[in-house]
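**Student:** 3D, please:
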Amino acid sequence: MRGAANKWLGLVAAALGMFLCSLDLAVNVALPDITADLNTDLRTVQWIIVLYVGGSTSLQLGLGSAADVYGLRRFYIIGLAAYALAVLLIGLAPTLPFVLGLRVMQAVGNGLIAASAPALVTGIFPSEQRGRALGLMSAISTLGMIAATLGGGVLVDSFGWRAIFLARVPLTLITILLALIILQAPAASDGRKNFDLRGAALAFVGLAALVLFLTIGGRSGWLSPATLTLGVGAIASLTLFLRWERKIPNPVFDPKMLTHPLLAPVITASFLMFMATFVNLFILPFYVSDVLKVDAKALGFLLMLTPVIAGGVAPIGGWLSDKMPPAYITTTALAIAAITMLWFSTLSADSGVADVAIRMAVGGVGMGLFQAANATLIMGAMPRDRLGAGGALIAMSMSLGIVTSVALMSALFAARLALHETAAAQPTQAFVLAFRDTYLIAAIIATLATIVSLTYWPRVIRRRLKKLN
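**Tutor:** The predicted structure is shown next:
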């Protein structure tokens, strides 16, 4: 009984780290206040988001591999400590350059937490309980998004933008204390004693160049000299990275994963899922405010619906993943996402808040089912000595999907809007037509993710038939 209790306490200690990472959504709420207080402009202040997401994405593979080599528990606690120090110093930072530099430090902490936490939970729980555990972790992480959405605005209005960083310090210190007391260090892995520093550096350079290519390309144009230079640099660095990884016994990223019959399609489907659905966070708000003419309170309610529903559904998705192959749950979730994106494309200027709300709620069901089942699939396919790399793959597929969505889908929306405005459509009508076009493409991307997920069904069916025989 005591062992069972320790498992669930360990889950709480690890999941609180993911909760902390989700709280960073509050930064979006604080951007106007940061802009005014630090005497900058909206275009410049957005680098607070870019550097954090880009830094975390670029470092995840290397940090996940390092955690496998040097200890998941140790790196999880180091990640929490780096996160705590970063948010404390950001809350005290006098100028924007200090904030930007410290956001990179926070990204390191976030990368360590995001890679180590799912790996720790996977190591604590047996395979027959893994889905429920990872589902509960997803639910707790989603609660962080809800707390950030609701509490971020309150903190900013009451105490200023620095409060959204300083308020995280006590909770992070509590999480460190729980991790030190509750989490046990897993048994040391055999055969993975050397950390691939060169591979980690090449991965960082290549992924950082890729993120900046997508970010700057979406803002300044895809044919600008800076964009083209970053694109070529990303291709060159990632090519060198993959060639190097094939030569060494303990790579940061095993190139065989690119052709793995399960991992490759699962990660691809995850990337496409987040690329398709993230439009709800940067295009939908403009439709709600500019077309439906509703206030910020109603917009906050609508944006909160998806994480609230997803948080409630994630444990159910985890439980189902323990009862049946999680591949079935993943495909179902992706199909729900595709249908929901297509449903969004039918909205018009005459639609109401209720029409948006029901779509956001259904999208939350798909997201909740997907997060638990997808994590179960990836972590279940990873060797025991590469669980940190598995956690990094989960986080990286999501981060790259989000970055790509912001870059490509916003560029698509802008192009379609300009086209419809040129066709002499009224401003509201032009916006709605561009909105519909963008969501139709999002639906196609989510449908493609569903089709990709079907490619690993034969492997699952063969496993079940083998067990029956």
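**Student:** pretty sure G64 sits against M382.
**Tutor:** No: counting by C-beta atoms under 8 Å, G64 stays clear of M382, with 10.1 Å between them. Yep, even glycine has a C-beta here, placed from its N, CA and C like the rest.
**Student:** hey, what's in contact with both of the two?
**Tutor:** Between them, G64 and M382 share these contacting residues under C-beta atoms under 8 Å, 6 or more residues apart in numbering: 389-390.
**Student:** the two: which is more packed in?
**Tutor:** G64 (32 against 20; other C-beta atoms under 10 Å).
**Student:** L136 versus the more buried one, what's the distance?
**Tutor:** Distance, G64 to L136, using C-beta to C-beta, to the nearest Å: 21 Å.
**Student:** and the helices in the stretch 301-450 of the chain, which stretches?
**Tutor:** With helices called from DSSP state H, counting those that start in this stretch, the stretch 301-450 of the chain shows them at 326-344, 353-381, 387-404, 410-422, 427-454.
**Student:** next one: the stretch 101-250 of the chain
**Tutor:** For the stretch 101-250 of the chain, helices defined by DSSP H, counting those that start in this stretch occupy the ranges 127-159, 163-166, 168-182, 197-220, 225-245.
**Student:** and Y76, which of those is closest to it?
**Tutor:** helix 168-182 (6.2 Å; C-beta to C-beta).
**Student:** buried ones in the closest one, by neighbour count?
**Tutor:** Neighbour-count burial for helix 168-182 flags 168, 171-172, 175-176, 178-179, 182 (criterion: 16 or more other C-beta atoms under 10 Å).
**Student:** got the angle between that helix and helix 127-159?
**Tutor:** Orientation check (axes from the mean of the first three to the mean of the last three C-alpha atoms, to 10 degrees): helix 168-182 against helix 127-159 gives 150 degrees.
**Student:** run the chain-centre distance for helix 168-182.
**Tutor:** Centroid separation for helix 168-182 versus its chain: 23 Å, with C-alpha atoms, centre = their mean, to the nearest Å.
**Student:** got a list of contacts for that helix?
**Tutor:** 6, 9-10, 12-14, 16-17, 20, 23, 73, 76-77, 80-81, 83-84, 87-88, 91.
**Student:** which residues does the residue sitting nearest the centre point of the chain contact?
**Tutor:** Centre of the chain computed as the mean C-alpha position; nearest residue by C-alpha atoms, centre = their mean is M398, 3.8 Å away. M398 sits next to 270-271, 274 when contact means C-beta under 8 Å, 6+ apart.
**Student:** and with 6 Å instead?
**Tutor:** Listed by C-beta atoms under 6 Å, 6 or more residues apart in numbering, the contact partners of M398 are F274.
**Student:** the spatially closest residue to G218 that is not a sequence neighbour: neighbour count?
**Tutor:** Of all residues beyond its chain neighbours, the one nearest G218 is A407 (3.5 Å), with distances taken as C-beta to C-beta, 6 or more residues apart in numbering. Residues contacting A407 under the criterion other C-beta under 10 Å number 20.
**Student:** same thing with the one 3 residues further on?
**Tutor:** By other C-beta under 10 Å, 16 other residues sit near S410.
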